[in-house]
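Peer 1: heads up, no residue letters with this:
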């Protein structure tokens, strides 16, 4: 379990000098985001399904436009005209039906201002992000991501190295500031340590914050993804630091 512990410990969140605000309502699809949104030029949001609550909320409160991407739907219900939607799948290559994160961002935004990435693509995040250069992540001041199949890191030959690489990318220039277990997912036992299979993480670029101490877990603004079920207790490996 030592190798797995070292990987997961990199995802323990910190409390910083930037308070967290909940964006996207009280249900599934919302995230706690650092209140450091001034100057962010756009949100890139792959994996939306039929809802765009997060993107609508961030526009109405902060005036930030969003680019949405999903190949499984024709677009969100009641889609506002200030949002852009592309019917493609985020992937590790680009063609008529697929696009890499870097190609998509460069197509939609040519400026140098900071961006926000909000990504929930049901496990495809690994193949999509592993091909992206680490430096590219600097473009995103804030990253909100749901990581799936967390229990599969036990497979050291296949998924383990991929997961480790993604964690390294996410933490090279960013610091985890929040984590929340998705109670729609299951619980996996890894050598006596319980891991939730799907977990939501928020990262803030290191140059944007000052670390104060361990993150508050659970956060007062946390809500269960499934409102009809009790929220999961976050495993101890994600708790405490410094």
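Peer 2: Received, thanks. Given the structure is predicted, the values throughout are model-derived calculations rather than measurements.
Peer 1: Helix, strand, or coil at the residue nearest to the spatial centre of the chain?
Peer 2: Closest residue to the average C-alpha location of the chain: residue 145 at 1.0 Å, with CA atoms, centre = their mean. Here residue 145 is strand, with the state taken from DSSP: H, G, I helix; E, B strand; the rest coil.
Peer 1: Just to confirm, what confidence does the model report for the closest residue to it other than its chain neighbours?
Peer 2: Leaving aside its sequence neighbours, residue 145 sits nearest to residue 119 (CB to CB, 6 or more residues apart in numbering; 4.8 Å). Every residue, glycine included, has its C-beta placed from N, CA and C. Here, the pLDDT recorded for residue 119 equals 96.
Peer 1: burial measure for residue 119, as a count.
Peer 2: Neighbours of residue 119 under the rule other CB atoms under 10 Å: 21.
Peer 1: I'd like the next helix or strand past the longest helix seen in the chain.
Peer 2: Assignment by DSSP state H gives helix 159-172 as the longest helix of the chain. Toward the C-terminal end, the helix or strand that comes next after helix 159-172 (DSSP states H and E) is strand 174-181.
Peer 1: other SSEs contacting that next one?
Peer 2: strand 14-16, strand 31-34, strand 199-205 (3 or more CB pairs under 8 Å, 6 or more residues apart in numbering; DSSP states H and E).
Peer 1: Could you rerun that using 7 Å?
Peer 2: strand 14-16, strand 199-205 (3 or more CB pairs under 7 Å, 6 or more residues apart in numbering; DSSP states H and E).
Peer 1: Buried residues of the last one, list them for me.
Peer 2: Residues of strand 199-205 classed as buried: 199, 200, 201, 202, 203, 204, 205 (neighbour count, 16 or more other CB atoms under 10 Å).
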